[in-house]
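Asks: only geometry, no sequence info:
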């Protein structure tokens, strides 16, 4: 067999090479199970980004579909089914009020698209709370192991959240984002003029935060899947600016007309 | 394939080299497409940009200076200001060891001709041998020729007995008073067009045909409204005609628009342009002209026209409160040089 | 030979060196990244209300100068042969209805991307995002349709900054963008969704940064990396004729959106205060919505 006699420095190099290769190849998640059985960090403690604070929607896009009530029958841009079109054409805000459903356009499928302010806090270490001043809505994003209590469908449904991390191998996380999946919603409206989503809808949201010329921005990418009322996913991205405080916080009740 | 396409499509004109000027020595580094024209710092706050393999822009020395190099020597369009002349010359000498043969002046403005004498004396005329025209060897002492429209010489010199604003060594040595002069140097045709009654009555636009570069002088100024010097024969209609001439000469990147190729236009001041940039500038001048003309035709005085802000919508980009290119001067020049009678 | 010397077969030695080489090659790769390469389809379910009405600056934070320029614009300018192929500045890759085809140019040794390129279309240049830290072009450099873009990874976000864009339009109906505009774009990928957030700063025409965001979906169907050519032709307006324009205060279309949709004039003309929720309070008692949609209400569903 051919080979070489090597002195210790080369041997050391050989060992280091294989050790380095092992480190490089074996995944080492940043927050793996703690040694000796310690509890995993909470969602709040392990948050790769900070979403807390007051955020105001900046309505640069789709202004007349968001800031004011669009005319009846206008569903432009929403890939609705024929069944949904019937609902669009039958929209009656007075009937919604009478039925106590004036919050129909403030549900999880549309709330982040409203011209509104958000106030994001931690209700507890594994539950993020998002208050929306328009319609005085509250959303709860629950991180495992927290889970929504079993219950009836609601405007905001049940939201399961998890952090997406952008970290490298073996190192601390480098940024990240929040993924929220919401189900168990009451049927609602994607737009105030009655463009519907059904109780079978699922809302997936991706929330990112980034610096901006005058502070920070929040971007919420909302994907609504609805096998009943949508031909394909309805995808929108809404952006918010961070505010220093809640001095402009302005809770207003739900309205089916305005 | 798409990787190569990506390199070609980015940032505009593809570069061939970047010239580093450090401590008096020149090091030429050839790089692939830089994705944009990176300038190289030179002395005196100048920047040198390579536009074509044999064509450079020297910026920051008063006016923009165009430099064509080759075996025949160096052709310079505009010489910059007298204060920057030494630095401009040093920058040119780092681009080529060949002598300057021609300085072509686009107008008689001090920031364009101030460096004439310095560059000319450092250069060498093409007419170096005694010839059959009874010219002595080294015509005019051997200095590089200074070429311009005839009115430039009139402006730079003075009638006998009066002091001229420029030294004699800065005066043009060759002039022309017809529409088009041409020469062929360094492997390409060079056309010099006289644009009458534009920025002044002595404007020239220089077109390097193979390099596909137009040196526009101050009929195009990316830093301000055009200076239309009515006292020196400038006029708004001539200015527009000059801009339209440049638009005709320049070819944009069609039909493959995304290629970002086409004719380069060097303005008197400010960043490099292509045909569309000149169109944008021309449209601005045309629209403001229309507003001034309509107000004049409605019977408004000059002061009333100024008060109506005919340059509104453009003042933030091009306007200023003082200097020859001020908003007020621009409006006044339009008002005074518009053809008489209602349009 | 030292007393601790050992015999190592050549094959082991070669494997060790290969392992070390692999570590050196792989280790510098930034893992805080996502794959951006591919074809990304536009679903066009958002920002669909910026129609081609002549005066529609809704959602734009224009300053007075920008508004005046916009109201001056006459779309007949597109009949000018020299403007027919003018195209868009780079904002259009987010604003437009088309998808994105993105590819990378990689360092053959390290494997890292030197650049990412978002392919062109007929009226939009390709956008190459240089990842290698090269400097911006000179302030005297030509401004192009594509501009000049540098990029870096911030965690799992690709951040691209574009300068040196040509003067152009924020929208095709006239709101301008200057040659001093700067665009910062952030790319976020989640599953098969690519969201782009672009912030446009323009000290000449904007009262505050203009923000646009759009999501694209990964597509198995390839998107063309380059659009069709543009051929200009004479349409009756010779060079040298007056440029079509309006007196800004007399633009005849300024009330069109108000009549059609009940939008207040301040909204139509793009004032920054109209972009925030509190603006609704000022118009609540005045806004009269149209009773029903009469045109462009949406595509009839097939099923």
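Replies: Nice, thanks for sending it over. Just so you know, these numbers come straight off a predicted model, no measurement behind them. Numbering: from 1, shown residues only, chains lettered A, B, ... in the order given.
Asks: Spell out the residue ranges of the strands in chain A.
Replies: Using DSSP state E, the strands assigned to chain A run over residues A:3-6, A:53-57, A:117-124, A:127-132, A:137-143, A:158-165, A:176-183, A:188-191, A:195-197, A:202-212, A:215-225, A:234-243.
Asks: What is the distance between stretch B:212-221 and the centre of its chain?
Replies: Put simply, stretch B:212-221 sits 4 Å off its chain's centre (Cα atoms, centre = their mean, to the nearest Å).
Asks: What mean pLDDT does that stretch get?
Replies: In this model, stretch B:212-221 has a mean pLDDT of 98.
Asks: For it, buried residues please.
Replies: B:212-221 (16 or more other Cβ atoms under 10 Å in any protein chain shown). To be clear about C-beta, it is placed using only N, CA and C from the backbone, and glycine gets the same treatment.
Asks: mind listing the helices in chain B by residue range?
Replies: Across chain B, reading from the start of the chain, the helices by DSSP state H fall at B:2-9, B:85-95, B:110-113, B:116-122, B:150-156, B:236-249, B:275-297, B:302-307, B:315-318, B:327-337.
Asks: how about these in a markdown table, adding mean pLDDT, mean neighbour count and distance to chain A?
Replies: Below are the helices of chain B laid out as a markdown table (pLDDT from 0 to 100; neighbours: other Cβ atoms under 10 Å in any protein chain shown; distance: least, Cβ to the nearest Cβ, whole Å):
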| stretch | mean pLDDT | mean neighbour count | distance to chain A |
| --- | --- | --- | --- |
| helix B:2-9 | 39 | 19 | 25 |
| helix B:85-95 | 97 | 21 | 37 |
| helix B:110-113 | 96 | 24 | 36 |
| helix B:116-122 | 97 | 23 | 45 |
| helix B:150-156 | 94 | 21 | 47 |
| helix B:236-249 | 97 | 22 | 35 |
| helix B:275-297 | 97 | 22 | 25 |
| helix B:302-307 | 98 | 15 | 35 |
| helix B:315-318 | 98 | 20 | 19 |
| helix B:327-337 | 98 | 21 | 29 |
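Asks: Closest approach to chain A from chain C, which residue is it?
Replies: As assessed by Cβ to the nearest Cβ, chain A sits closest to residue C:155 within chain C, at 2.1 Å.
Asks: Hmm, that residue is touching residue A:176, no?
Replies: Yes. Assessed by Cβ atoms under 8 Å, residue C:155 is found in contact with residue A:176 at 6.7 Å.
Asks: Are there residues contacting both of the two? Which ones?
Replies: Applying Cβ atoms under 8 Å, 6 or more residues apart in numbering or on different chains, one finds that residue C:155 and residue A:176 are jointly contacted by A:48, A:166.
Asks: For the closest residue to chain C within the stretch 151-258 of chain A, give its distance to chain B.
Replies: Using Cβ to the nearest Cβ, residue A:175 is the residue of the stretch 151-258 of chain A that sits closest to chain C, at 2.1 Å. To chain B, residue A:175 is 27 Å away according to Cβ to the nearest Cβ, to the nearest Å.
Asks: neighbours around that residue, how many?
Replies: Each residue near residue A:175 was counted by other Cβ atoms under 10 Å in any protein chain shown, and the total is 19.
Asks: dump the residue contacts of it.
Replies: Going by Cβ under 8 Å, 6+ apart, residue A:175 touches A:48-49, A:165-166, C:32, C:154-157.
Asks: From these, which shows the smallest pLDDT?
Replies: Lowest pLDDT among the contacts of residue A:175: residue C:32, with 40.
Asks: Please verify my assumption that residue B:52 contacts residue B:188.
Replies: No. With contact defined as Cβ under 8 Å, residue B:52 and residue B:188 do not form a contacting pair (9.9 Å).
Asks: between these two, what contacts are shared?
Replies: Both residue B:52 and residue B:188 are contacted by residue B:211, under the criterion Cβ under 8 Å, 6+ apart.
Asks: which non-adjacent residue is nearest the residue of chain C closest to chain A?
Replies: In this structure, residue C:155 finds its nearest non-sequential neighbour in residue A:175, 2.1 Å apart by Cβ to Cβ, 6 or more residues apart in numbering or on different chains.
Asks: Look up how far residue A:101 lies from the one you found.
Replies: Relative to residue A:101, residue A:175 is positioned 40 Å away (Cβ to Cβ, to the nearest Å).
Asks: Same check on residue B:189?
Replies: In terms of Cβ to Cβ, residue B:189 sits 78 Å off from residue A:101.
Asks: before we move on, back to that, could you dump the helices of chain B into TSV with distance to residue C:125 added?
Replies: Formatted as TSV, the helices of chain B follow (distance: least, Cβ to Cβ, whole Å):
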stretch	distance to residue C:125
helix B:2-9	7
helix B:85-95	30
helix B:110-113	33
helix B:116-122	37
helix B:150-156	39
helix B:236-249	21
helix B:275-297	12
helix B:302-307	40
helix B:315-318	22
helix B:327-337	32
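Asks: between the ones you listed, which gets nearest to residue C:59?
Replies: Using Cβ to Cβ as the measure, helix B:315-318 is the one of these that comes nearest residue C:59, at 21.4 Å.
Asks: quick one: that closest one near chain C?
Replies: Yes. Helix B:315-318 reaches chain C (Cβ under 8 Å from any Cβ of the partner chain) through B:315-317.
Asks: Contacts for that helix next, please.
Replies: For helix B:315-318, using Cβ under 8 Å, 6+ apart, the contacting residues are B:223-225, B:284, B:309, B:311, B:327, C:65, C:178, C:180, C:204-205.
Asks: top of these by neighbour count?
Replies: Among the contacts of helix B:315-318, residue C:205 has the most neighbours (other Cβ under 10 Å), with 29 neighbours.
Asks: For it, which non-adjacent residue is spatially closest?
Replies: Residue C:205 sits nearest to residue C:66 (Cβ to Cβ, 6+ apart), 3.2 Å away.
Asks: buried set for the helix or strand hosting that neighbour?
Replies: Using DSSP states H and E, residue C:66 falls within helix C:64-72. By neighbour count on 16+ other Cβ under 10 Å, the buried set for helix C:64-72 is C:65-72.
Asks: which residue ranges form the helices in the stretch 51-200 of chain C?
Replies: Taking DSSP state H, counting those that start in this stretch to define them, one finds helices in the stretch 51-200 of chain C at C:64-72, C:92-95.
Asks: TSV for the ones you listed, including mean pLDDT and distance to residue C:256?
Replies: Conversion of these to TSV gives the following (pLDDT from 0 to 100; distance: least, Cβ to Cβ, whole Å):
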stretch	mean pLDDT	distance to residue C:256
helix C:64-72	98	13
helix C:92-95	88	21
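Asks: Export those to TSV and append columns for distance to residue C:297.
Replies: As requested, the helices of the stretch 51-200 of chain C are arranged in TSV below (distance: least, Cβ to Cβ, whole Å):
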stretch	distance to residue C:297
helix C:64-72	27
helix C:92-95	22
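Asks: So for residue A:148, which of these sits nearest?
Replies: helix C:92-95 (35.7 Å).
Asks: related to what we said a few turns ago, next, count neighbours for the residue of chain C closest to chain A.
Replies: Neighbours of residue C:155 using other Cβ under 10 Å come to 22.
Asks: Just want to check the distance between it and residue B:251.
Replies: Counting by Cβ to Cβ, the gap from residue C:155 to residue B:251 is 45 Å.
Asks: does any part of stretch A:85-96 sit near chain C?
Replies: Yes. Using Cβ under 8 Å from any Cβ, stretch A:85-96 reaches chain C at residue A:85.
Asks: Pull up the distance across that stretch, start to finish.
Replies: End-to-end span of stretch A:85-96 (Cα to Cα, to the nearest Å): 17 Å.
Asks: Mean confidence (pLDDT) on that stretch, please.
Replies: Computed over stretch A:85-96, the average pLDDT equals 97.
Asks: Name the residues of it that come out as buried.
Replies: A:85, A:87-88, A:91, A:93, A:96.
Asks: wouldn't residue A:105 be in contact with residue A:191 here?
Replies: Yes. Contact criterion Cβ under 8 Å: residue A:105 and residue A:191 qualify, at 6.8 Å.
Asks: Compare those two and say which one has the larger neighbour count.
Replies: residue A:105 (29 against 22).
Asks: so where's the stretch 51-200 of chain C uncertain?
Replies: Applying pLDDT under 70 to the stretch 51-200 of chain C flags the ranges C:51.
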